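S.K.: no sequence on this one, just coordinates:
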């Protein structure tokens, strides 16, 4: 039987699934084209609260013995976890390695966010200058150059794109941190530390 624990009302959840390249990914959503492969729902602490098995094939749906299918799905989930565990142990030797990788990756994302914020600030300054120029020309009774409205709209569009990229990177920051938290927890299970005497 698959684990299913309903999340608390308003609790943020994450999803762990295999992407099209076969790598395990943690994200705030499952791409619709990959949902049929099955996924796990995680709470903010990285605990699995629900396992959604892969979609059954037509042959499996026609099969009358449901317990055989469930056993097969469990076996597939165990194999997927084993592949992930092998990758984790091959990539990291200690929890400190995972923490160092987390810090590097989160810093990379923060740098991208800060660069985008700087770009947005510059674009907003240019937008204000263009709008001020248009207003000044109108107040003085002069014609506004034909290209000015297009420039203003172009700047607004660039700001919108940059703002959406900032939001995407903020979400990536959260999901990346969650992924590393889960990696640390799983590493502790795979290689438990022996307490000092």
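M.R.: Sure thing, it's come through. All values derive from a computational prediction rather than experimental measurement.
S.K.: Could you confirm residue 193 falls within a helix?
M.R.: No: looking at residue 193 with DSSP: H, G, I helix; E, B strand; the rest coil, it is coil, so not inside a helix.
S.K.: residue contacts, it?
M.R.: residue 95 (Cβ atoms under 8 Å, 6 or more residues apart in numbering). C-betas here are computed from N, CA, C, even on glycine.
S.K.: and if we set it to 7 Å?
M.R.: Counting by Cβ atoms under 7 Å, 6 or more residues apart in numbering, residue 193 makes contact with nothing.
S.K.: what separates it from residue 179, distance-wise?
M.R.: 21 Å (Cβ to Cβ, to the nearest Å).
S.K.: Could you do residue 134 as well?
M.R.: 47 Å.
S.K.: which one of these two has more residues nearby?
M.R.: residue 179 (20 against 16; other Cβ atoms under 10 Å).
S.K.: Show me the helices in the chain, by range?
M.R.: Here the chain has its helices, by DSSP state H, at 58-62, 66-91, 95-139, 147-190.
S.K.: buried stuff in the second one?
M.R.: By neighbour count on 16 or more other Cβ atoms under 10 Å, the buried set for helix 66-91 is 69, 73, 77, 80, 84, 88.
S.K.: Mind giving me the packing neighbours of it?
M.R.: Taking 3 or more Cβ pairs under 7 Å, 6 or more residues apart in numbering; DSSP states H and E as the contact definition, the neighbouring helices and strands of helix 66-91 are helix 147-190.
S.K.: Hey, what's the angle from the helix it packs on to helix 95-139? Just curious.
M.R.: 170 degrees (axes from the mean of the first three to the mean of the last three Cα atoms, to 10 degrees).
S.K.: and helix 147-190, what other elements does it pack with?
M.R.: strand 24-27, helix 66-91, helix 95-139.
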